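**Student:** Sequence and computational prediction follow.
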Amino acid sequence: TTTTTTTIAWRRHTSLVAPARAMLLSAVLVSVVGVTASLPPHFANEQLFAGLDEPMDLAMLPGGRALVLERKGVVLLVNVNRRKEKSEPYLDLTDDTRTDGELGLTSVALHPRFAERGDTAQVFVYYSSSTAGTNRVLRFGHLEHSGGIDSKAAPRSQHVVLWEDPEGFVGGSRAKKNHYGGGMAFGPDDHLYLTVGDKDQPSQSQDAGVAAGKVIRIALDGSFPSDNWGAQKASRYSGIWARGLRNPFRASWDLHTNTFYIAEVGGNDQKTAFEDIHAGLAGANYGWTACEGTCNSGSQQMFANPNFPNCKCSTYAPSVWSRPHDGKNMAIIGGYVNRGGGFPLEYDGQYFFGDFTQEKLFHINLTEPSQGPVLFDDSNVGGITSLHQGLDGFLYFTSFTRWESGTGQVRRVSYLPPEENQPPIISKVELLPAQGSVPLAVVLVAKVTDPENDNVDVLWRFSDGKQLVGNGAVRIFQTSGQFSVFAEVTDGHHTVSSDARQITAGSVPVPIISSPLNGSTFLALQTLDLVGSVGNPDAEVQWDIDFLHDDHVHPEQTGVGGLSTSLTVKDTGHDFSGNTGFIARLTAKVDGVSGVASVTVLPSKTRLDFLAHEDVGTIVLDGLVRKVPFSITSLIGFRHTLSTVDSYCSGKKRVLLFQGWSDGHAVATRELTVPNTGGSFLARYKERNCVRGQCRTRKSKSRCVCLKGWVGSTCSRRKNIRRRRRKQAVTTTTKTGPFVITTTTTTTT
């Protein structure tokens, strides 16, 4: 017989096996989340554009311009150096964009030879098509108009669907609205690489026949390259390049080292979840649902997640770097490797990434990941959704804050060498007052300092196009409405801008939510009837409902008109572990002035305990392997999938045979509907001595080994004739990018 074993190892982890380094890494992983810091000296975090609706991604164009994607389906073209200039939509896909859950317009990439103009001036976007019922990659031309922001996308009739997810959506099920991924970038081979999440269906990550949980590799003509992992067998989906991912929301290529970095968001159990950064490798399996964190054998074992004992390096590719949640919410947003340009030399080669829930920016040296990440900026400017290196070498990112309409931003982190004249610093902007009835007189005050004590001039720019000059300027608002204003300050060398602030002139409408009551509870499959009212019959009203999960949210319903609506609570999909619930907001708008009312409703939960024989050690709950015993609190009426092994070969020459669950279910894999009173669920086993055809004892190890068809180690049937065995092993080692691939072929005669 011949057996071939392939082990994939991250080359740069090989220097981390020393115990001292292991202690260092452990300390860094645990402590980094609690560090507080501001930007290093001579860096500045500046708001470029505000008032956007959930900006998700951006792409830098020549001429200081950028394409900015709003989740609702709008692409904007802006000039990052001229904040006062705003464009009409560059492309409007709102009539074909589904936005419930995490669906929407999420990612953009430019043709690798976009700057050459002509036929290669093409843009690619990844979005949720409501008409096609699936996520797709759309390709269209860029129509340049003198390098300005009035350039447009080619007409819709000329758009080409480059790729569509063949599985599509499952009508209305919340389980299919999350984890669609969206990392999209061109590689050195001019192929498009797209990361797709597991769609809240964990088992799909290991299903070779579907796109969920995979890296999809697509040629520019929409075909799949013949050397894709998925193209090697008819039973596989041909677009698959790599697999085994949960929620790889962002990914990027470092073309300096030809490495594809994938930032994977971790699980919902904050006690066991890890955030991962992977390096792409053709055919790699990153292990979800067997893995969170790196694999747990060989040189990687000291960095592994102990809650995932089946994550073996002989089967799954190790991560480059992993970070435990340690009881806190995290959602990594990759990210790019900084190469030259605007930052000092010590930042060259650093991987910059953000965190959506923590609203912070980090950087890490992925060639020495044991040093851990460095907190770069903790300005808390909203949940970060994307970050990129601009053509000027600076860091550009998008962010927004849920529950607050129009909070989306595009921001830039820039650097100015200390030997040069430094820009003015705007430390505070005051609007006195910021709200009141009309006519409303507002005094505009900016607190400004200049490092060289240069004289400064202040210009105030309003969202309606008006301008005022001078610190302490006064504007009188005669009509109702909501306006934004920012200060533009110049010292003769530099011009800087403040964040935008809001002025509300006129009476604020007061919507009221009469049902449900704030703090009330719900069960699975219960229909929540939401009823509101507002005093002014001419008010424009809309509902927005979010699923709360600790300190972040998942959109549930967005922009639903009318004074009443309803929500039916699902009994599958994203579970209700942790601090969960729904927040419903009713917004009323009169004469441009908005008022908001909100209520929070909570799940009615109960405790479930899970146990099994200590030798079996694990139970699979909703596709995830869990060490027993463990407990969860879950929504009453919610449906979980629960499974254990039919048999298990244990020590002392015995086999454990499954006898049923303690609540009477006889099969090892079953559905569990959470009962009103909770309960314990014990997987019962009966011990037997090892017998022929079930288990046998190896002389080298005093334990039972399962025969083929049983769970655990497998053995071939032995012939009655005893034969002398001879083993010969040949090991080859190759280096591919950042990986070491070790292949061992063992021949037994």
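**Tutor:** Received, thanks.
**Student:** what residue ranges in the stretch 51-200 of the chain score low on pLDDT?
**Tutor:** For the stretch 51-200 of the chain, the stretches with pLDDT under 70 are 84-86, 170-176.
**Student:** at 90 instead, please
**Tutor:** 51, 63, 81-88, 100-102, 116-119, 145-150, 168-178, 181-182, 200 (pLDDT under 90).
**Student:** how would you label the residue nearest to the spatial centre of the chain: helix, strand or coil?
**Tutor:** Residue closest to the average C-alpha location in the chain (C-alpha atoms, centre = their mean): Phe249, at 3.8 Å. Following DSSP: H, G, I helix; E, B strand; the rest coil, Phe249 is assigned to strand.
**Student:** 356 is where my numbering starts, stick with that
**Tutor:** That works, and once the first residue is 356, the last one we named lands at Phe604.
**Student:** Confirm for me that it is in contact with Asn533.
**Tutor:** No. Using C-beta atoms under 8 Å, Phe604 is not in contact with Asn533, being 10.6 Å away. No exception for glycine: its C-beta is placed from N, CA and C like everyone else's.
**Student:** So for the two, which residues contact both of them?
**Tutor:** Gly552 (C-beta atoms under 8 Å, 6 or more residues apart in numbering).
**Student:** which parts of stretch 1002-1020 are buried?
**Tutor:** Buried residues in stretch 1002-1020, counted by 16 or more other C-beta atoms under 10 Å: 1002-1005, 1008-1011, 1013, 1015-1016.
**Student:** Generate TSV for those, with secondary structure as supplementary columns.
**Tutor:** As requested, these are exported to TSV (three-state DSSP):
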residue	secondary structure
Ser1002	strand
Tyr1003	strand
Cys1004	strand
Ser1005	strand
Lys1008	coil
Arg1009	strand
Val1010	strand
Leu1011	strand
Phe1013	strand
Gly1015	strand
Trp1016	strand
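**Student:** which pair in the residues you listed spans the largest distance?
**Tutor:** Lys1008 and Trp1016 (26.7 Å; C-beta to C-beta).
**Student:** Please enumerate the helices of the protein.
**Tutor:** Per DSSP state H, the chain carries helices over the ranges 374-386.
**Student:** Output the lowest mean pLDDT helix or strand found in it.
**Tutor:** helix 374-386 (a mean of 25; mean pLDDT, DSSP states H and E).
**Student:** residue boundaries of the strands in the stretch 656-805 of the chain?
**Tutor:** Secondary structure of the stretch 656-805 of the chain (DSSP state E, counting those that start in this stretch): strands located at 676-679, 687-692, 706-710, 715-719, 729-732, 738-744, 750-755, 763-770, 780-787, 790-791, 795-804.
**Student:** Tell me if I'm right that Ser485 and Leu448 touch.
**Tutor:** No. Here Ser485 does not reach Leu448: they are 9.7 Å apart, not a contact under C-beta under 8 Å.
**Student:** Return the residues in contact with Gly936.
**Tutor:** Contacts of Gly936 by C-beta under 8 Å, 6+ apart are 902-903, 955-958.
**Student:** From Asp555, how far off is it?
**Tutor:** Counting by C-beta to C-beta, to the nearest Å, the separation of Gly936 from Asp555 is 18 Å.
**Student:** Please apply the same query to Arg491.
**Tutor:** Relative to Asp555, and taking C-beta to C-beta, Arg491 is found at 19 Å.
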